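> Can you look at this prediction? I've put the sequence above it.
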Amino acid sequence: MVFGQERREVEREKLAMLRIISNSHGSVGSKIIARQLLNGYGIDLSERAVRYHLRLLDEKGLTVKVSRRDGRGITSHGLEELENAMVSDKVGFTIDKIETLAYKSSFDLITLSGRIPVNISFFPREKKVTVFRAIASAMKAGLCVSRLAMLVEEGKKLDDITVPAGKMCLATVCGIAINAILLEAGIPIDSRFGGILQLSGGQPRRFTELIDYAGSSLDPSEIFIAGKMTDVNGAVKTGDGKILANFREIPAICLPQAREMIARIKQAGIDGVMLLGEPSKPVCEVQVGLNKVGMVLVGGLNPIAAAAENGIETTNKAMSKLVDFKALKDFWEIIS
């Protein structure tokens, strides 16, 4: 029995390393891997132990040593292994990620400083003008969590991620920032669903698709964008369309305080709350629990979805990282 538990733990460590290397968009060394294992997965391994595991991954053809200095890259076999292995462990991965990022966020509404959760998107550099036009339209229509963003050019780094050649990277504020702020204010928040929200006349009507965070191994927004299930451009042009949105619940007793906090959040340039319901009443045809209040948040990746709808190839990492709030700029300043 103990042997089985140990074997499962080794498998978990292996998959965590593969995820870290895969998400790095470039080679990564044992020092960075050890740090991310601890901070992101709660796995405490020395650099020496990490190097031992990496040699085993090399032998299995899952990783490849790029150089002594640059560390490892993941192989196609490694990507396949990451995609298929231990699916039961990946169920609930999304909700764990939400809770971890919300807890680790240090954004302060008073000083407007600290680290805040962002989504990361990559797109072809040569499509920059087309991408920016689509993003600007969606942001102008308010179909974003915030107009604040960060642009990273090819070859430059965002934390431990190096932007590949021929690509550009845009970091946009993630709705988890609202979770973090409400939690800091002592308001419990339950992240229930990611979905597709139908708009009619520019107003939220109903959810047409929902994915339960607790039962998913993938981020709903990434699925919906890849599946071409959005119509953000339609919502921008006519007010009728389908956008990315998220559904949260808070205790009804916290409603007055939540309204006050949402107003303060908006003043900080974060305007992601589309709807705040009433106690125990459905919101956009989604039932809420007894003595709970439903909350609809606009999806942070809607501007990127608008670009994808125009045929632009995008790679998205929802709920990806924490960045310094002061490093973010108004999108119009970025494109000017």
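Great, that's in hand.
> Please, where are all the strands along the chain?
Assigned by DSSP state E, the chain shows strands spanning 63-67, 71-74, 115-124, 148-152, 157-158, 161-162, 167-173, 190-200, 203-212, 241-251, 273-276, 292-298, 315-324, 329-330.
> Redo these as CSV? Include distance to Val131 and mean pLDDT.
To be clear about C-beta, it is placed using only N, CA and C from the backbone, and glycine gets the same treatment. Formatted as CSV, the entries for the strands of the chain read as follows, by distance: least, CB to CB, whole Å; pLDDT from 0 to 100:
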stretch, distance to Val131, mean pLDDT
strand 63-67, 30, 84
strand 71-74, 27, 87
strand 115-124, 5, 95
strand 148-152, 11, 96
strand 157-158, 17, 88
strand 161-162, 18, 84
strand 167-173, 8, 95
strand 190-200, 22, 96
strand 203-212, 25, 95
strand 241-251, 17, 97
strand 273-276, 24, 96
strand 292-298, 19, 98
strand 315-324, 12, 88
strand 329-330, 17, 96
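> what about the ones you listed, which gets the closest to Pro282?
Ranking these by their distance to Pro282 (criterion: CB to CB) puts strand 292-298 first, at 7.1 Å.
> residues touching Gly71, list them.
For Gly71, the contact set (CB atoms under 8 Å, 6 or more residues apart in numbering) comprises 27-30, 32-33, 65.
> just these now: which is nearest Asp212?
Nearest to Asp212 among these, counting by CB to CB, is Ile33 at 31.1 Å.
> can you pull the contacts of the closest one?
Counting by CB under 8 Å, 6+ apart, Ile33 touches 17, 20-21, 50, 54, 71.
> And the contacts of Gly71, which two are furthest apart?
The span of those, defined through CB to CB, is set by Ile32 and Lys65 at 14.9 Å.
> Mind checking which of the two has more residues around it?
A direct count of neighbours by other CB atoms under 10 Å for Ile32 and Lys65 places Ile32 higher, at 18 against 14.
> I'd like to know how many residues surround the residue nearest to the more buried one when sequence neighbours are not counted.
The spatially closest residue to Ile32, leaving aside those adjacent along the chain, is Asp160, at 5.6 Å (CB to CB, 6 or more residues apart in numbering). A count of nearby residues for Asp160, using other CB under 10 Å, gives 17.
> ditto for Ser336
For Ser336, which is what you asked about, the neighbour count (other CB under 10 Å) is 7.
> Please renumber the chain so that the first residue is 463 from this point on.
I'll keep to 463 as the first residue from here, and by that count the last item is Ser798.
> Show me this protein divided up by domain.
Structurally, the chain divides into domains by automatic domain parsing as follows: 464-551, 553-798.
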